[in-house]
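Novice: Build me a structure from this.
(one chain, ligands or ions: 1)
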Amino acid sequence: MEEKINSTEIPLSITDFGEEFVWGVATAVFQTEGAYKKDGKGYSIWDIFSNEKGNIYQNHTARESCDFYHKYKEDILLMKSMNLKNFRFSLSWSRILLNGIGEINHNGIDFYNDVINFCLESGITPWVTLYHWDLPHSLELQGGWTNRKILHWFSQYVKVCASHFGDRVKHWMILNEPMVFTGGGYFLGVHAPGKKGIKQFLPAVHHAQLSQAIGARILRKEVNNAQIGTTYSCSQITPKNQSKRNAKAAIRVDALLNRLFIEPVLGLGYPSEDLPILKKLKPYILSGDMERSTFDFDFIGIQNYTREVVGHSYFVPYLRAKIIKATKRNVATTLMDWEVYPASIYEMIKKFNSYRKIPRLIITENGAAFKDEPIDGEVNDTNRKLFLQHYIQHVLKAKQEGLNIGGYFVWTFTDNFEWAEGYYPRFGLVHVDFKSQKRTLKSSGKWYRDFLGKKV
Ligand code: BGC
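Specialist: Predicted coordinates for the structure are as follows:
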C-alpha cells in the first residue's frame, strides 16, 4: 500500500516552531546496543525471550544489533553532522546492576558515562529513559512486574542512575510505554517475558503505574534541576461507524490504550468506569497507593505512529472490542501494517493537552518502517521523508493553535532490532547493514538534517 502515501511534499521551516522547541532522535538500548554479555552485563528478559525459538521473526536475536556499544562515538558524530542537538536513549538495568539489584557493575557505569560525556562534548543533550522494556532476567524469575517487590528493585536502580549520571543528565524519562510492555509482555505474551492472562497483566499494570511516580520522586530528590517525564504510546481511536455499540467499544479501547497510565498520575484514578475490567485491579491496590501514584511531571512524552479503527466484538474477552486491521481498510500503511494517518498526532496532542495539569508535551517518538535497501550506496526512502513531513505539519498545527507541545523526536536514528519483528522493519534515518555494521544516511536523514540546519 506504500503507493497510497500522500506524495505532496510539505515545505516546513524550523523557525515556525520557535527557539525553545526541542528536536531530536530516539533509540532504546536493547534495540541498538548489542554486546549482550560483554563486560559483566547480566541477561535481560529480552535476551532470554529473543533467544527462544519461535518468538522473533526468523529467530533474529539482538546479540549484536547495531553494535552501538562499540560504535557509539561514530554514531554520535553522525548525529552531530546531522545538526541533531538532542539524543534520547535508554539505560540497560542489567548492565548497571548485577542481578538487577545489589552489586554495581562498574563497567556498565563507565560505558554510560562515556556515552553521556561524548554526547555533551559533541553539543548533544542526553535524554535518558530509565526503563525501555529490558528487565533483568533474575528479577523476572521472582515475578518481574507482577511482584510488588519491583517497587523496591526499581527504586534501587533509579537511585544508582541518579547518583552516577544526575550531575550531567538533566532530562529523564521514567518508563517507556508501560501499556505496551505490560500488554505485550504480561497479557498477550508476544513480548518478553512472554506471560499471558489477566492475572499477570493487572498486577504488572499497577506496579508499573506506581513505579512511574516513585522513580520520578527519587529523581526529584537526587538530581538538581532535573526535567522529569515519562512516556506513553497513544493512538487516535475511531469507531468503525457511528452505531452506539461501536462508539462504546471505542471508549473502552481509548481507556485501555490512551488513558490507563496517565490518569492515575494526574490524580484521576484508573478509568474503570469506562473499562470495567480495571475494577479487578482492586486487590492489588494497597492503602495510599493512589496518592503515591501521582506526580507533577515536568513533561509527558507522547509516542504516536498511527490511529486505530475499532468495532464492537463479543469474542474479545474483557474489552469486547476489536481493532479493524489497516490492511483491510484500503488505506496507506507502513511495513508494520500501521495506517499512515498524520492527523492522529494532532489529535493526541489535543487530547493530552486537555489534561490541564500537564505543563509540557513532547513527542518522544514518531516514525515509520519501510523496506529500505541501498542502491548504489544511496537509500531513497521518500516515503519516510513524506511521512515525517506530514506528521510534523500536524505537530505545527497543534503548536500554532497554542497547544502545549514543546518538542519532537524521530523514532529512530539507526535501523535496529524491532522487538518481535526482528530486523525486518527498518525505522531508521540511517540504514544499517547488519553484517558489516556500515551506516548509510538515508534521504529522510538528509532531509531531517537540512530541516534542522536551517535556523535563521
Ligand atoms: C517503542 C519502540 C519501537 C517503536 C516502533 C515504540 O512502541 O517504544 O521501542 O521500536 O514503537 O514499533
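Novice: Leaving out the residues flanking it, which one is nearest to the residue of the stretch 201-350 of the chain found nearest the ligand?
Specialist: Using Cβ to the nearest ligand atom, the closest approach of the stretch 201-350 of the chain to the ligand is made by Ser233 at 5.4 Å. No exception for glycine: its C-beta is placed from N, CA and C like everyone else's. Closest residue to Ser233 apart from its sequence neighbours, by Cβ to Cβ, 6 or more residues apart in numbering: Glu177 at 4.2 Å.
Novice: Leaving out chain neighbours, which residue sits closest to Asp16?
Specialist: Leu396 (5.9 Å).
Novice: now what about the host helix or strand of that neighbour, what contacts it?
Specialist: According to DSSP states H and E, Leu396 maps onto helix 382-400. Helix 382-400 has contacts (Cβ atoms under 8 Å, 6 or more residues apart in numbering) with 2, 5-10, 12, 16-18, 21, 304, 334, 340, 342-343, 345-346, 349-350, 353, 363, 366-368, 370, 372, 405, 408, 410, 429, 442-444, 447-448.
Novice: ok, the closest residue to the ligand within the stretch 1-150 of the chain - how many residues close by?
Specialist: Minimum separation of the stretch 1-150 of the chain from the ligand (Cβ to the nearest ligand atom) falls at Ala28, amounting to 4.9 Å. Applying other Cβ atoms under 10 Å, we find 24 residues neighbouring Ala28.
Novice: Need phi/psi at it.
Specialist: phi -140, psi 150 (degrees, to the nearest 10).
Novice: Grab the nearest non-local neighbour of it.
Specialist: His132 (3.9 Å).
Novice: I'd guessed that neighbour sits against Asn176; true?
Specialist: Yes - counting by Cβ atoms under 8 Å, His132 touches Asn176, with 4.1 Å between them.
Novice: which residues are in contact with both of those two?
Specialist: In contact with both His132 and Asn176: Ala28, Ser90, using Cβ under 8 Å, 6+ apart.
Novice: what's the distance between Thr440 and Val379?
Specialist: Using Cβ to Cβ, to the nearest Å, we find Thr440 at a distance of 6 Å from Val379.
Novice: so what sits against both of those two?
Specialist: Common neighbours of Thr440 and Val379 (Cβ under 8 Å, 6+ apart) are His431.
Novice: The helix or strand hosting Arg95 packs against which elements?
Specialist: Remark: Arg95 resides in helix 93-96, with elements defined by DSSP H and E. Helix 93-96 is packed against helix 106-121, helix 150-165, with contacts defined by 3 or more Cβ pairs under 8 Å, 6 or more residues apart in numbering; DSSP states H and E.
Novice: Out of those, the one nearest Asn241 is which?
Specialist: Ranking these by proximity to Asn241 (Cβ to Cβ) places helix 150-165 first, at 41.8 Å.
Novice: what about the closest one, distance to the chain center?
Specialist: 20 Å (Cα atoms, centre = their mean, to the nearest Å).
Novice: Just the mean pLDDT for it, thanks.
Specialist: Computed over helix 150-165, the mean pLDDT rounds to 98.
Novice: one step back: mind checking which of the contacts of helix 382-400 land in helices?
Specialist: Ala343, Ile345, Tyr346, Ile349, Lys350, Asn353, Ser443, Ser444, Trp447, Tyr448 (DSSP state H).
Novice: now the contacts of helix 382-400: which count as buried?
Specialist: 5, 10, 12, 17, 21, 304, 334, 340, 342, 345-346, 349-350, 353, 363, 366-368, 370, 372, 405, 408, 410, 429, 442-444, 447-448 (16 or more other Cβ atoms under 10 Å).
Novice: Identify the residues contacting Ser344.
Specialist: Ser235, Gln236, Asn304, Thr306, Arg307.
Novice: So which of the residues you listed sit within strands?
Specialist: Gln236, Arg307 (DSSP state E).
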